[in-house]
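**Student:** Generate coordinates for the sequence data below:
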Amino acid sequence: MSFADQLERLQEFLDADDLHDEALDYLASHGYLAALCISPVDVPEEEWIAELFAEEPNYRDEAHKTDIEDGLRTLKSQIARELASDEDLEPPCDLELGDEPDLSDLRSWCVGFLEGVFLREEDWFDKDEETVSELLLPIMVGSGLFEDQPEFAEIAQDEDMVDDMMQHIPEILTQLFLLFHAPEDKPKPALLSRH
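**Tutor:** Residues are numbered from 1 along each chain as shown. As a prediction, the model looks like this:
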């Protein structure tokens, strides 16, 4: 089966209505897997799969379960390859929140990414909290999870700034990946300047 076919089957499964309410849909899963690939520590496969679904889905049979979990592994490997290449990783959606941010694909992707961060939150912020916080800021803004905090409410008022932040997400992913995975002798990535 081709990667495209596998991905299509996976997407159909993750976007179906019969998964648990807290299960991640396809876009959120992509963000989640991207965070797992960037994470400074490995998360055991059994754990991240269980967290992605919130509860065991109703698979048709064992072969169906294997097919879906293989699809997730393949997608994760593909994301890891992209992050390790010279190209920035592009989320599979437009880099804008649009007129209704809560309904936007990018919001789902950002929420999924942060779910991946939350699995090992202490490790993400352990070595360089300030740099990581600054790099994660656009994704945190995109997720809408922090809108009740004054700093985020203020940023949300400035649509141009939010739009600009969202456009920078692909290069931020590369910077986070290098921060955690570049050899020690390589220079740390420079922070994006805030406009």
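**Student:** residues in contact with the top helix by length along the chain?
**Tutor:** In the chain, taking DSSP state H as the definition, the longest helix is helix 62-84. Counting by Cβ atoms under 8 Å, 6 or more residues apart in numbering, the neighbours of helix 62-84 from elsewhere in the structure are 3, 6-7, 9-10, 13, 29-30, 33-34, 36-38, 45, 49, 52, 57, 59, 89, 173-174, 177, 181. (Each C-beta comes from the backbone N, C-alpha and C, glycine too.)
**Student:** can you do 7 Å?
**Tutor:** Counting by Cβ atoms under 7 Å, 6 or more residues apart in numbering, the neighbours of helix 62-84 from elsewhere in the structure are 3, 6-7, 9-10, 13, 33-34, 36-38, 49, 59, 89, 173, 177.
**Student:** Need the buried ones from those residues selected in PyMOL.
**Tutor:** Under the burial definition 16 or more other Cβ atoms under 10 Å, those of the contacts of helix 62-84 that qualify are selected in PyMOL by:
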select buried, resi 6+7+9+10+13+33+34+36+37+38+89+173+177
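**Student:** with the contacts of helix 62-84 in mind, which one is nearest to residue 100?
**Tutor:** For these, the residue nearest residue 100 by Cβ to Cβ is residue 34; the value is 23.7 Å.
**Student:** farthest-separated two in the contacts of helix 62-84?
**Tutor:** 59 and 177 (32.4 Å).
**Student:** Could I get the buried residue list for stretch 51-64?
**Tutor:** Along stretch 51-64, the positions that meet the burial threshold by neighbour count (16+ other Cβ under 10 Å) are 51-53, 57.
**Student:** that older thread, now do the following helix or strand past the longest helix of the chain: which elements does it pack against?
**Tutor:** For helix 62-84, the succeeding helix or strand toward the C-terminus, using DSSP states H and E, is helix 105-118. Identification of packing neighbours for helix 105-118 by 3 or more Cβ pairs under 7 Å, 6 or more residues apart in numbering; DSSP states H and E yields helix 26-38, helix 129-143.
**Student:** Switch those over to a markdown table; also include distance to residue 106 and mean pLDDT.
**Tutor:** Putting the helices and strands packed on helix 105-118 into a markdown table (distance: least, Cβ to Cβ, whole Å; pLDDT from 0 to 100) gives the following:
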| stretch | distance to residue 106 | mean pLDDT |
| --- | --- | --- |
| helix 26-38 | 8 | 98 |
| helix 129-143 | 6 | 97 |
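**Student:** Just give me the neighbour total for residue 22.
**Tutor:** Residues near residue 22, counting by other Cβ atoms under 10 Å, number 11.
**Student:** secondary structure class for it?
**Tutor:** At residue 22, secondary structure determined by DSSP: H, G, I helix; E, B strand; the rest coil is coil.
**Student:** In stretch 120-129, which residues are buried?
**Tutor:** Using 16+ other Cβ under 10 Å as the test for burial, stretch 120-129 gives 120, 124-125.
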